[in-house]
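[1] Need coordinates for the below:
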Amino acid sequence: QKINQDLAARGLLPQKPPNAAPTQRSIVDENPTREIVINEAEPNTRQHLTKKTTQDDILRKFGCSVITRGVYRSAFNAVPTGGKALHLFICASASLAQSDS
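    As a prediction, this is how the structure comes out:
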């Protein structure tokens, strides 16, 4: 949630409307992980999020490792069977996972 707030403050993510219902967090075995599809994001946002320096900043500030996975697919180039579109794989460190519990 801290990552989303930071990105929203920079104008890189749309903010939730104030009347939106809170989302439930799922608890994953040891480290919380999440995949966020960025294939449909604005080009400058997609470029910013896939840069190593941005991913290192996220790791340093929030303790979450970010890995870029998948392949960018335009509207004219569909994802092949078994392939995933461009997305970020985010994994919290063990110390963060324990403090959230």
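[2] From here on, just use CA atoms for contacts and neighbour counts.
    OK.
[3] residue ranges for the helices of this structure, please.
    Taking DSSP state H to define them, one finds helices in the chain at 2-9, 43-50, 52-62, 94-100.
[4] what stretches of this protein score poorly on pLDDT?
    Low-confidence segments of the chain, defined by pLDDT under 70, are located at 1, 4, 11-31, 78-82, 94-101.
[5] Assess the claim that residue 86 and residue 35 are in contact.
    No - taking Cα atoms under 8 Å as the definition, residue 86 is not a contact partner of residue 35, at 10.1 Å.
[6] and those two? which has more neighbours close in?
    When neighbours are counted by other Cα atoms under 10 Å, residue 86 comes out ahead of the other of residue 86 and residue 35, with 21 against 14.
[7] Distance-wise, check that one relative to residue 63.
    Distance check for residue 86 against residue 63: by Cα to Cα, to the nearest Å, it reads 22 Å.
[8] if I pick residue 37, what's in contact with it?
    Applying Cα atoms under 8 Å, 6 or more residues apart in numbering, we find residue 37 in contact with 85-88.
[9] How much space separates it from residue 60?
    As judged by Cα to Cα, residue 37 and residue 60 stand 22 Å apart.
[10] Would you mind naming the residues that bridge with residue 66?
    Counting by DSSP bridges, residue 66 is bridged to residue 90.
[11] quick one: contacts for it?
    Counting by Cα under 8 Å, 6+ apart, the residues that residue 66 touches are 55, 58-59, 88-91.
[12] Could you dump the residues you listed into CSV and include neighbour count and distance to residue 7?
    Putting the contacts of residue 66 into CSV (neighbours: other Cα atoms under 10 Å; distance: Cα to Cα, whole Å) gives the following:
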residue, neighbour count, distance to residue 7
55, 20, 12
58, 19, 10
59, 17, 14
88, 21, 14
89, 17, 16
90, 19, 14
91, 19, 17
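[13] quick check, nearest of the residues you listed to residue 71?
    Sorting the contacts of residue 66 by distance to residue 71 puts residue 88 at the head of the list, at 10.8 Å, by Cα to Cα.
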